[in-house]
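Student: Need a 3D model of the sequence below.
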Amino acid sequence: MKRHFPLALLALALLLPACQNRQQMIEKSAQGYLDAMGNYLIDEAYPYATRHTREHTLPTMAYLTEHTNPNYIKSNTPATITLKQTVMLSDTSARVYYHKHTPIKELDDSVTLYLEEGQWLVDVRIRPFPLPSTTKPLMPSVTDDSITVGGRRIAQKELLNAKKVKFNKK
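Tutor: Presented below is the predicted three-dimensional model:
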């Protein structure tokens, strides 16, 4: 038994730096992604994101950021992200728990990272929704003599001659 103790100690000594290096890589990716997203810098999050997140989540977040009131973004930055704990889920997945502080709110949450093509990358999946792909207005726009709804112009004359619908009040 005494002969195996030095070998076990040596194996542990060799394994410990590898685990620390892996944790550092995981936390570096998580910190990079969370700092970028927390400060509305979506383009800076791409290097830290999985392929799925780059192709689906980040374009949606970029669209939403572009359509967010700039005054709100200004009032909600800077964000300070503090990593709290890193938990290995498997050899190729980990979860990083963090605290986010902004001038408006405090948030405790987590992100999942996967080992993808030799790198630890953040994977955030959101329910996709169709982004507008045309210049059709989402809301009706009124001009001097017509209104545009869903890309179709309706003249005021048509609106005035439209059949009136009566609603029953209960």
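
Student: From now on I want contacts and neighbour counts done on CA atoms only, so please keep to that.
Tutor: Fine.

Student: all helices for this structure, in order.
Tutor: Assigned by DSSP state H, the chain shows helices spanning 4-38, 51-52, 58-66, 70-75, 156-161.

Student: weakest of these by average pLDDT?
Tutor: For the helices of the chain, mean pLDDT drops lowest on helix 156-161, to a mean of 55.

Student: Enumerate every residue touching Ile42.
Tutor: Ile42 sits next to 36, 58, 61-62 when contact means CA atoms under 8 Å, 6 or more residues apart in numbering.

Student: Going through these, which ones are buried?
Tutor: 36, 58, 61-62 (16 or more other CA atoms under 10 Å).

Student: Is it possible to get TSV of the residues you listed that adds distance to Tyr98?
Tutor: Formatted as TSV, the buried ones among the contacts of Ile42 follow (distance: CA to CA, whole Å):
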residue	distance to Tyr98
Ala36	14
Leu58	20
Met61	20
Ala62	22
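
Student: Would you mind checking which of these is nearest to Val87?
Tutor: Proximity of the buried ones among the contacts of Ile42 to Val87 (CA to CA) peaks at Ala36, which lies at 21.9 Å.

Student: my guess is the closest one contacts Tyr46, does it?
Tutor: No - in this structure Ala36 lies outside contact range of Tyr46 using CA atoms under 8 Å: 9.1 Å.

Student: Counting neighbours, which bits of stretch 41-60 end up buried?
Tutor: So stretch 41-60, judged by 16+ other CA under 10 Å, has buried residues 41-42, 44-46, 48-50, 53-54, 56-58, 60.

Student: Now do that stretch: distance from first to last residue.
Tutor: Distance between the two ends of stretch 41-60: 13 Å, counting by CA to CA, to the nearest Å.

Student: Per-residue pLDDT of Asn76, please?
Tutor: 94.

Student: ok, now Val122?
Tutor: Note on Val122: pLDDT of 97.

Student: my guess is it contacts Tyr33, does it?
Tutor: Yes - checked against CA under 8 Å, the pair Val122 and Tyr33 is within contact range at 7.1 Å.

Student: Looking at these two, which is more packed in?
Tutor: Neighbour totals were compared for Val122 and Tyr33, and Val122 leads with 33 against 23 (other CA atoms under 10 Å).

Student: Contact partners for that one?
Tutor: By CA under 8 Å, 6+ apart, Val122 lies in contact with 29-30, 33, 48-50, 53, 111-114.

Student: Relative to Ala45, how far out is Arg51?
Tutor: Distance from Arg51 to Ala45, counting by CA to CA: 12 Å.
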